[in-house]
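Enquirer: sharing a model that was predicted from the sequence below.
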Amino acid sequence: MGFFGMKTLTIRKVPDDVYLDLTEWAAENRRSLQEQVLYIIEEDVKLRHISVMESAAEYRTRLATRQTGDVVQDVREDRER
């Protein structure tokens, strides 16, 4: 049995402090409360499908493409100023 189309989910009895935090978090990310909750759920579901090793490999791949300077040299130059 497959799921087709968008489904609706209702969450009842959300504690006031959780609701307030979610509302603030949504505002910080310029999302509606609905968009923020959906984002959180989607990210959590993605994490359940990725092993720790896969996640670490993806992170290493992203780091490998970053341009980084020579930190030691940067500190030495700052000290010489």
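Expert: Structure received. As the structure is a computational prediction, the values presented were derived from the model and not from experiment.
Enquirer: on the C-terminal side of the longest helix along the chain, identify the next helix or strand.
Expert: In the chain, taking DSSP state H as the definition, the longest helix is helix 33-48. Note on helix 33-48: by DSSP states H and E, the next helix or strand toward the C-terminus is helix 52-64.
Enquirer: ok, residues contacting that following helix?
Expert: 47, 50 (Cβ atoms under 8 Å, 6 or more residues apart in numbering). Using the backbone N, CA and C atoms, a C-beta is placed for each residue, glycine as well.
Enquirer: following element in sequence after it, please.
Expert: Next along from helix 52-64, by DSSP H and E: helix 71-80.
Enquirer: residues contacting stretch 26-33, please?
Expert: Under Cβ under 8 Å, 6+ apart, the answer for stretch 26-33 is 22-23, 35-37, 39.
Enquirer: mind listing what E42 touches?
Expert: Shown in contact with E42 (Cβ under 8 Å, 6+ apart): no residues.
Enquirer: state the distance from it to N29.
Expert: According to Cβ to Cβ, to the nearest Å, E42 stands 13 Å off from N29.
Enquirer: among the contacts of stretch 26-33, which ones are buried?
Expert: Taking 16 or more other Cβ atoms under 10 Å as the criterion, what is buried in the contacts of stretch 26-33 is 36-37.
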